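Asker: generate coordinates for the sequence data below:
(chains A and B)
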Amino acid sequence: NAGVTQTPKFQVLKTGQSMTLQCAQDMNHNSMYWYRQDPGMGLRLIYYSASEGTTDKGEVPNGYNVSRLNKREFSLRLESAAPSQTSVYFCASSTWGLLNIQYFGAGTRLSVL
Amino acid sequence: SQELEQSPQSLIVQEGKNLTINCTSSKTLYGLYWYKQKYGEGLIFLMMLQKGGEEKSHEKITAKLDEKKQQSSLHITASQPSHAGIYLCGADSNTGNQFYFGTGTSLTVIP
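Answerer: Model prediction:
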């Protein structure tokens, strides 16, 4: 039972390069999320998708785009990476509703030089 | 936006000691979640509280939500090295679909 799978686990980019972080869940969850985790700031929501076909901005969406490819997959794209985007990125999924218990992937550690 | 403040930021305790982590919200909480993160890994759900005065326990971990639903505490009894990690509280936005996390509490348990 894989749960939430994120790829890649590690990535180093140069300023201005682009990349896509992939996330897939096998729990038939409706909702999916992208967070970034920075020291001393906890997790901050970048974008979320409440259901297939919808996406909405979270707390820190600038510099990112997302695609909800289907119910299973939710990708995060950095069009022109900046050093400020150096962070650990987590994808999560949930059934949403009254109990929004989220299940997390193992994270992607991204460094932008 | 919802703001969740956790205290302390870090905690170092001797194995066997009890400890408490607090999570305070700037607004009324409609759902308060506790997660644990082992170093270098993703978050794992621990417990969720919804009602004022609610208390839940799992093994040696007890979480409480105060009557006013603006503060939650996580208490660990007789701590063990396996309890080490980062504990984060999280809450649903009272305006809709967003979710917010506290800044986290790093726990070290010394054998």
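
Asker: could you list the low-pLDDT ranges of the chain?
Answerer: With no chain named, the answer covers chain A. Scanning chain A for pLDDT under 70 picks out A:1, A:96-98.

Asker: look at chain B instead
Answerer: B:1-2, B:94-97.

Asker: which bits of it sit near chain A?
Answerer: Contact residues (Cβ under 8 Å from any Cβ of the partner chain) of chain B with chain A: B:1, B:4, B:6, B:9, B:31, B:33, B:40-45, B:48, B:88, B:90, B:92, B:97-104. Any C-beta I mention is one placed from the backbone N, CA and C, and that applies to glycine too.

Asker: ok, of these, which come out buried?
Answerer: B:4, B:6, B:31, B:33, B:42-43, B:45, B:48, B:88, B:90, B:92, B:97-104 (16 or more other Cβ atoms under 10 Å in any protein chain shown).

Asker: tell me the contacts of residue 107?
Answerer: Because you didn't say which chain, this covers chain A. A:Gly107 sits next to A:Gln6, A:Lys9, A:Gln37, A:Val88, A:Tyr89, A:Phe90, B:Gly40, B:Glu41, B:Gly42 when contact means Cβ atoms under 8 Å, 6 or more residues apart in numbering or on different chains.

Asker: I was thinking of chain B, sorry if that wasn't clear
Answerer: B:Leu107 sits next to B:Ser10, B:Leu11, B:Val13, B:Leu19, B:Ile21, B:Ile76, B:Ser79, B:His83, B:Ala84, B:Gly85, B:Ile86, B:Tyr87 when contact means Cβ under 8 Å, 6+ apart.

Asker: so which of those residues comes closest to B:Lys68?
Answerer: Of all those, the one sitting nearest B:Lys68 is B:Ile21; the distance, using Cβ to Cβ, is 18.7 Å.

Asker: picking up where we left off before, JSON lines for the contacts of B:Leu107, including neighbour count and secondary structure?
Answerer: Shown next, in JSON lines, are the contacts of B:Leu107 (neighbours: other Cβ atoms under 10 Å in any protein chain shown; DSSP: H, G, I helix; E, B strand; the rest coil):
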{"residue": "B:Ser10", "neighbour count": "10", "secondary structure": "strand"}
{"residue": "B:Leu11", "neighbour count": "19", "secondary structure": "strand"}
{"residue": "B:Val13", "neighbour count": "16", "secondary structure": "strand"}
{"residue": "B:Leu19", "neighbour count": "19", "secondary structure": "strand"}
{"residue": "B:Ile21", "neighbour count": "22", "secondary structure": "strand"}
{"residue": "B:Ile76", "neighbour count": "21", "secondary structure": "strand"}
{"residue": "B:Ser79", "neighbour count": "22", "secondary structure": "coil"}
{"residue": "B:His83", "neighbour count": "20", "secondary structure": "helix"}
{"residue": "B:Ala84", "neighbour count": "19", "secondary structure": "coil"}
{"residue": "B:Gly85", "neighbour count": "20", "secondary structure": "strand"}
{"residue": "B:Ile86", "neighbour count": "20", "secondary structure": "strand"}
{"residue": "B:Tyr87", "neighbour count": "24", "secondary structure": "strand"}
